[in-house]
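# no FASTA, just this:
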């Protein structure tokens, strides 16, 4: 089999990487020796700060108390000395604008001393506040181009860390980002507000239940699994679609992909394992508690998963994970692709968001304990989540909507777009008992006898797991499986925190009316059971333990009146509902202006992303694929002419040439239709433009891709200009 020189060179380069074992590090420090080394952690602060200053900082971090400005200079000086000792020359306020990625502006610690020398400066004022340009980030109309002033504000609850480059070390200070008017322009500020909102309502509930007086605050916790693809850099740079759009816009399926289910949890290729190990060491240094690594379902797909943390820290660490995965990959001749669907026809990538609520004393409020049916506090918080998800299903769906996630949600490897809750056998049984009256028993899982004398009996959970559910209870937390692999988790968790805060607010208010603010245990129990029966009756429709992939479930969900927002534009249209803006305003998470800005940014991002994909597709079709298929067509025509000149039987050759010419014609017509659809942009209304892209451009893109993929299967391999799925997925 022959192939183009470019593809041949790319494959040779991949093989050279595989065979160069000296590139793969053999020695590695122990994880416990490097964990947290580059973090200005509690241990470091205890060593470097005066005792009273340390205590005051810790009260801000752990109890949510306002930061005392009077100690800022002391903290800044200790932070500066620690950073300099570790080789830092610059510092940056590290923040999360509405781009969905992170942003940073580096400033040197050095300043002229006026005598021809330099001094090292870093004050408390510099630590606490920065001033980046706010006009060039997405703002949804909050800031015009000429309105440039913005501020960053130190988030003391998230650890300061060192970022190490090839020949540089930078002190990174996690911050919020707001405009001169005070409007939030980032993902962190609303997340922090939503944590406060949930804490306020959860504490009201805990006081009714007679919680430990040592509890001062309720936090939400998150552990976010990250799926990703690894592609050799030689293939990546030979694919303009991967370089620009992070996904393949063309590509015929390989004859083998994931049908044999042999990649999932399989042996990790040596180069990939070396890459994973280096990523983990980097993350350990930054205090990111990564725990799990494995092959995912699709060839060339992998996963990394952390231990849960407070949701604000987890959101920051998730950004660090994505940046680290992408930054380390080139050292091993790889590129990390975080798009939700980089390859058509095989599994896409998600980011399972494992969410729970915990007191600041470490009590998980979603831990059912042993006798679950008697744990009224747990059942109260469980029903609050059920109520929240059902009431605000459209908002939760919109929180994970994106052009990339459209290719994944609803497909067989991802949860459907219908937002439902899976509770499992044990909790479903208790909920049924509660709805009928008073729960009296808790199902037990028992033991599994594996039938071999040498194998132990193993404990069995009281309920199975359901990977088709978008929102599944998994023992002591909910797994929100619909988040896309490229998404920042701050926004979905902001939405989740806010809707649960609202459900708690309504339920606690109703409970206080029924039982009083200081009820007897008996009166409280009766009022709780009555309330929970009502919640279950009103919101039972959202509970579904079956197969979420089936057509029967879609019909059943429609009968239940559940929304099915199958793609991003429909999901974003639901954000126009006034009650959503009112919800965020009620709990002081987003003002109306801030809410509207996010809605506009999400629509604008969809429009820009699909437009970029469409124009990239046209460029590749015209300048890369069309010349190759025309050359193949010319070769067929010349072969036919030669055969006819020699008076040979060539009916089959003629049929092949005519069929191929017809395919090329269809390809060119599809290009023209896509070009026409891209040029038609409507009246300038962003939402109307998004609808036009959904209804006209995306179908035209699918048509062009189908025509190209048909041609790829029929074109001589030595002419096809792009690395194929076979090569990208299996030569690694």
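Sure thing, it's come through. Since the structure is predicted, the reported quantities are computational estimates derived from the model, not experimental observations. Numbers count the residues shown, from 1 in each chain.

# When you work out contacts or count neighbours from here on, use the C-alpha atoms and nothing else.
Noted.

# which residue lies farthest from the center of this protein?
Distance from the centre of the chain peaks at residue 647, with 63.3 Å (Cα atoms, centre = their mean).

# Tell me the secondary structure at it.
Using DSSP: H, G, I helix; E, B strand; the rest coil, the structure places residue 647 in coil.

# residues in contact with it?
Contacts for residue 647 (Cα atoms under 8 Å, 6 or more residues apart in numbering) come out as none.

# One more: residue 709?
Neighbours of residue 709 in contact, by Cα under 8 Å, 6+ apart: 250-252.

# Just to be sure, it is in a helix?
Yes - counting by three-state DSSP, residue 709 falls inside a helix.

# Name the member of the contacts of residue 709 that has the highest neighbour count.
The most crowded member of the contacts of residue 709, judged by other Cα atoms under 10 Å, is residue 250 (26 neighbours).

# Quick check: which ranges of the stretch 151-300 of the chain have low pLDDT?
Residues of the stretch 151-300 of the chain meeting the criterion pLDDT under 70: none.

# what about the helices in the stretch 501-650 of the chain?
521-539, 551-560, 568-573, 578-586, 592-620, 626-645 (DSSP state H, counting those that start in this stretch).

# what do you get for the stretch 301-450 of the chain?
For the stretch 301-450 of the chain, helices defined by DSSP H, counting those that start in this stretch occupy the ranges 311-328, 376-391, 393-398, 424-436.

# Dump those helices to CSV, plus mean pLDDT and mean neighbour count.
Shown next, in CSV, are the helices of the stretch 301-450 of the chain (pLDDT from 0 to 100; neighbours: other Cα atoms under 10 Å):
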stretch, mean pLDDT, mean neighbour count
helix 311-328, 97, 21
helix 376-391, 96, 22
helix 393-398, 96, 24
helix 424-436, 88, 19
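
# Would you tell me which of those helices gets closest to residue 638?
Nearest of the helices of the stretch 301-450 of the chain to residue 638, taken as Cα to Cα: helix 311-328 at 47.1 Å.

# mind checking how far residue 657 is from residue 283?
The gap separating residue 657 from residue 283 is 56 Å, by Cα to Cα, to the nearest Å.

# count of residues packed around the residue lying closest to residue 660 once chain neighbours are set aside?
Nearest residue to residue 660 in three dimensions, chain neighbours excluded: residue 633, at 6.9 Å (Cα to Cα, 6 or more residues apart in numbering). Counted with other Cα under 10 Å, residues neighbouring residue 633 total 20.

# swap in residue 267?
Neighbour tally, residue 267, other Cα under 10 Å: 11.

# and it, what are its phi and psi?
Dihedral pair for residue 267: phi -60, psi 130, per degrees, to the nearest 10.

# which residues sit in contact with it?
Contacts of residue 267 (Cα under 8 Å, 6+ apart): residue 295.

# rerun that using 10 Å as the cut-off
273, 294-295 (Cα atoms under 10 Å, 6 or more residues apart in numbering).

# Neighbour-wise, give me the winner out of those.
residue 295 (24 neighbours).

# Could you list everything that one pairs with in the sheet?
residue 302 (DSSP bridges).

# thought it was touching residue 261?
No - between residue 295 and residue 261 there is no contact under Cα atoms under 10 Å: 11.1 Å.

# that older thread, reformat the contacts of residue 267 as TSV; add distance to residue 215.
Output for the contacts of residue 267, formatted as TSV (distance: Cα to Cα, whole Å):
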residue	distance to residue 215
273	43
294	38
295	41
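
# what's the closest of those residues to residue 442?
Taking Cα to Cα as the measure, residue 442 lies nearest residue 294 of those, at 34.5 Å.

# Go ahead and confirm the closest one touches residue 273.
Yes - counting by Cα under 10 Å, residue 273 is a contact partner of residue 294 at 9.2 Å.

# Tell me which residues touch residue 61, please.
42, 55, 67, 155-159.

# so what's residue 97 up against?
With contacts defined as Cα under 10 Å, 6+ apart, residue 97 is in contact with 103, 134, 137-139, 176-178, 184-188.

# Need the pLDDT of it.
We have a pLDDT of 94 for residue 97.

# same deal with the one 4 residues further on?
Model confidence at residue 101, given as pLDDT, is 92.

# Also residue 118?
pLDDT at residue 118 comes out at 68.

# how about the closest residue to residue 148 other than its chain neighbours, phi and psi?
Leaving out its chain neighbours, the residue that sits closest to residue 148 by Cα to Cα, 6+ apart is residue 135, at 4.5 Å. Per-residue torsions, residue 135: phi -90, psi -20 (degrees, to the nearest 10).

# was I right about residue 135 contacting residue 151?
No - with contact defined as Cα under 10 Å, residue 135 does not count as touching residue 151 (11.5 Å).

# of the two, who's got more company?
Comparing residue 135 with residue 151 by neighbour count (other Cα under 10 Å), the higher total belongs to residue 151, at 21 against 17.

# Leaving out the residues flanking it, which one is nearest to the residue nearest the centre of the chain?
Centroid-nearest residue in the chain: residue 487, 3.5 Å away (criterion: Cα atoms, centre = their mean). For residue 487, ignoring the flanking residues on the chain, the nearest one in space by Cα to Cα, 6+ apart is residue 100 at 6.7 Å.

# who's in contact with that neighbour?
Contacts of residue 100 (Cα under 10 Å, 6+ apart): 138, 186-187, 319, 486-491, 605.

# tell me the contacts of residue 640?
634, 646, 648, 650-657.

# Tabulate those residues (TSV), appending neighbour count, pLDDT and distance to residue 163.
Shown next, in TSV, are the contacts of residue 640 (neighbours: other Cα atoms under 10 Å; pLDDT from 0 to 100; distance: Cα to Cα, whole Å):
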residue	neighbour count	pLDDT	distance to residue 163
634	14	96	55
646	9	88	71
648	10	88	70
650	15	88	67
651	11	91	67
652	10	93	64
653	15	93	62
654	18	93	63
655	12	94	62
656	17	94	59
657	21	94	58
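
# What is the nearest of those to residue 439?
Among those, and counting by Cα to Cα, the member closest to residue 439 is residue 656, at 71.6 Å.

# Centre of the chain to the helix or strand hosting the closest one, how far?
Assigned by DSSP states H and E, residue 656 falls within helix 651-679. Distance of helix 651-679 from the chain centroid (Cα atoms, centre = their mean, to the nearest Å) equals 39 Å.

# Same question for stretch 716-732.
Its chain's average C-alpha position is 29 Å from that of stretch 716-732, according to Cα atoms, centre = their mean.
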